[in-house]
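Participant: model this:
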Amino acid sequence: MLALRKWSVRHSRGLEWFYRNFEKVMVMLHPLWRVIGYARLDKPIAFVEKQVKGLLFDCQMCGSCVLSSTGMSCPMNCPKQLRNGPCGGVRTDGNCEVKPNMRCVWVEAYQGSRNMRHGNQIMVVQTPLDKRIKGTSAWLRVARDAHHDAHDANAPKAHNAKAARQ
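Facilitator: The predicted model follows:
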């Protein structure tokens, strides 16, 4: 598994391209997902997602995937589960202080991000992880959230009470 995880970081640019296009397809399929029901789809899609992302990235299925922002290196593989960068204990050889035989996932993430077109996304501070969504499909969440974001952007602006009286 470690060999594939390292392969994914080395090939982060191609995987970034694939992910961005896959995300577009998932978002386009939102009407179908909505008809079938997101809740009904979550378990089977999460199963497939776990197989694919588990193999390629040693994904921990946190439910809030940031692989496209972290050079295709899953930060949940950090023994401390740090999502916004390395701790102060990265060894001079780039290995983890907790698991000295393991390369720091953030050293890997930085290297992977340098290959990516949108590698600067590694600088975006991630929100705290919602542990309630662990094991659920991040793929479906992206589709659902993109639809809601687009819907909110197209919604008419609410007028405040003073403007409504005038």
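Participant: any residues touching stretch 136-153, and which ones?
Facilitator: 22-23, 26-27, 29-30, 33-34, 38, 41-42, 45-46, 49, 61-65, 133 (C-beta atoms under 8 Å, 6 or more residues apart in numbering). Bear in mind the C-beta positions are built from the backbone N, C-alpha and C, glycine included.
Participant: Now the helix or strand hosting residue 44: buried residues?
Facilitator: Secondary structure from DSSP states H and E places residue 44 in helix 38-57. Across helix 38-57, burial judged by 16 or more other C-beta atoms under 10 Å covers 38, 41-42, 45-46, 49, 53, 56-57.
Participant: okay, those residues in JSON lines with distance to residue 115 and pLDDT next?
Facilitator: Conversion of the buried residues of helix 38-57 to JSON lines gives the following (distance: C-beta to C-beta, whole Å; pLDDT from 0 to 100):
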{"residue": "38", "distance to residue 115": "33", "pLDDT": "96"}
{"residue": "41", "distance to residue 115": "32", "pLDDT": "97"}
{"residue": "42", "distance to residue 115": "32", "pLDDT": "97"}
{"residue": "45", "distance to residue 115": "28", "pLDDT": "97"}
{"residue": "46", "distance to residue 115": "28", "pLDDT": "98"}
{"residue": "49", "distance to residue 115": "23", "pLDDT": "97"}
{"residue": "53", "distance to residue 115": "19", "pLDDT": "97"}
{"residue": "56", "distance to residue 115": "15", "pLDDT": "96"}
{"residue": "57", "distance to residue 115": "15", "pLDDT": "96"}
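Participant: would TSV of these with distance to residue 125 be doable?
Facilitator: Shown next, in TSV, are the buried residues of helix 38-57 (distance: C-beta to C-beta, whole Å):
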residue	distance to residue 125
38	27
41	30
42	27
45	28
46	26
49	25
53	23
56	25
57	21
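Participant: Check the offset of the helix holding residue 44 from the chain's centre.
Facilitator: 13 Å (C-alpha atoms, centre = their mean, to the nearest Å).
Participant: same for it, what does it pack against?
Facilitator: The contact analysis (3 or more C-beta pairs under 8 Å, 6 or more residues apart in numbering; DSSP states H and E) places helix 38-57 against helix 2-10, helix 138-154.
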